[in-house]
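Build me a model:
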Amino acid sequence: MPKQQSKTEKAYTNIEFLNSPDARPIRILSEFLEPMRRFRNEQIKDTIVFFGSARIRPLKDSLKTLRQLQKQSKFSKLTPALRRRIEAAQSDVSMSRYYEDAVVLSRRLTEWSKKFFHMHRFVVCSGGGPGIMEAANKGASIAGGRSIGLNISIPTEQFSNPYVSKELLFEFHYFFMRKFWFVYLAKALVMFPGGFGTLDELMEVLTLLQTGKIKKKMTVVLYGQEYWKKILNFDAMLQHRVISQADMRLFKFANTPDEAFYHLTTELKRNYPRAL
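Have a look, this model is predicted:
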């Protein structure tokens with residue numbers, strides 16, 4: 001009598017296969033289906049997304065670094081390297097205002113959204129990491145609200161901040177699936193100063209709005225007009241006719257938490273009155 005063979009492993013339990021290039025479509029689909037299931041279970045209807053640099057630090061941390069360097073310069077030779085470090089620290093202190101403003105704006109938006117009968121509307125969402133992302137989640141936490149963190153696995157900078165609601169912390173491998181979830185649930189976006197990643201997210205959203213691929217009404221606020229007009233020369237783009245004047249109406253600038261709060265809440269109430 002032939003010896004009975006052991007059972008063959010099922011494909012969906014085969015870790016080697018699931019981690020292989022052949023199973024990439026399954027992994028991509030998982031980053032669509034698993035967040036969708038969790039958002040549904042947590043009754044998250046829509047979001048206000050905060051974008052911005054992971055490198056912008058709280059004011060107290062930036063000031064501490066600057067004071068340490070200034071103290072060091074008093075007791076040692078002011079070398080070119082030390083001078084550059086002091087100048088960098090001074091720049092960090094200046095940029096820290098955006099961290100503090102993001103905390104205030106997120107707190108106020110969370111307090112505002114909690115007044116609604118529907119308690120899961122306009123939930124603050126960030127990339128889940130440090131910098132402006134941390135500030136957004138921190139503001140929501142201070143207000144006693146929940147917030148979302150769409151984290152991404154990369155070698156540097158990106159680690160989960162402690163203010164994201166545990167049940168709403170996600171870890172993505174694919175940037176494009178992460179960006180899908182940023183946009184899919186969003187009713188408003190606030191773009192704080194940032195680098196390549198923030199520019200990538202901003203330009204993709206503006207392109208989707210410009211081309212009509214986003215059908216819903218979406219409010220986009222560029223926070224820090226001085227920064228954005230220095231980084232992006234919109235006037236030159238208009239002059240060279242690569243964008244139109246109508247494209248400039250896809251977003252608005254704000255320079256204070258009060259200004260951003262007023263614009264966001266006014267637009268959200270106008271665009272989504274049934275949420276109130």
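
what's the following helix or strand after the lowest-mean-pLDDT helix or strand in the chain?
Lowest on mean pLDDT, DSSP states H and E among the helices and strands of the chain sits helix 59-75, with a mean of 90. Scanning forward in sequence from helix 59-75 by DSSP states H and E, the next helix or strand is helix 80-113.

pLDDT (mean, whole number) over that following helix?
In this model, helix 80-113 carries a mean pLDDT of 95.

just checking, what packs against that helix?
strand 47-51, helix 59-75, strand 123-126, helix 132-142, strand 219-223, helix 257-271 (3 or more C-beta pairs under 8 Å, 6 or more residues apart in numbering; DSSP states H and E). C-beta here means a position set from N, CA and C on the backbone, and glycine is covered the same way.

change it to 7 Å
On a contact count with 3 or more C-beta pairs under 7 Å, 6 or more residues apart in numbering; DSSP states H and E, helix 80-113 meets strand 47-51, helix 59-75, strand 123-126, helix 132-142, helix 257-271.

and the second one, which residues are buried?
It refers to helix 59-75. Leu59, Ser62, Thr65, Leu66, Leu69 (16 or more other C-beta atoms under 10 Å).

Out of those residues, which comes closest to Arg27?
Ser62 (38.7 Å; C-beta to C-beta).

who's in contact with Ala188?
Ala188 makes contacts with Ile48, Met218, Thr219, Leu264, Glu267, Leu268, as judged by C-beta atoms under 7 Å, 6 or more residues apart in numbering.

how does it look with 8 Å?
Neighbour list for Ala188: Ile48, Val49, Phe122, Met218, Thr219, Val220, Val221, Leu264, Glu267, Leu268 [criterion: C-beta atoms under 8 Å, 6 or more residues apart in numbering].

so it is in which element?
Ala188 belongs to strand 186-191, assigned by DSSP H and E.

That strand to strand 47-51, inter-axis angle?
20 degrees (axes from the mean of the first three to the mean of the last three C-alpha atoms, to 10 degrees).

one step back: wait, which of the contacts of Ala188 is closest to Val205?
Once C-beta to C-beta is applied, the member of the contacts of Ala188 that ends up nearest Val205 is Val220, at 6.5 Å.

Just list whatever residues bridge to that closest one.
Counting by DSSP bridges, Val220 is bridged to Leu189.

Let me know how buried it is, in neighbour terms.
Val220: 19 surrounding residues under other C-beta atoms under 10 Å.

now Ser91
Count around Ser91 with other C-beta under 10 Å applied: 12.

Same question for Glu16.
Quick note: Glu16 (other C-beta under 10 Å) scores 8 neighbours.

try the one 10 residues further on
If you count neighbours by other C-beta under 10 Å, Ile26 ends up with 13.

quick one, phi/psi of the nearest residue to it once chain neighbours are set aside?
Leaving aside its sequence neighbours, Ile26 sits nearest to Leu18 (C-beta to C-beta, 6 or more residues apart in numbering; 6.6 Å). The phi and psi torsions at Leu18 (degrees, to the nearest 10) take the values phi -60, psi -30.
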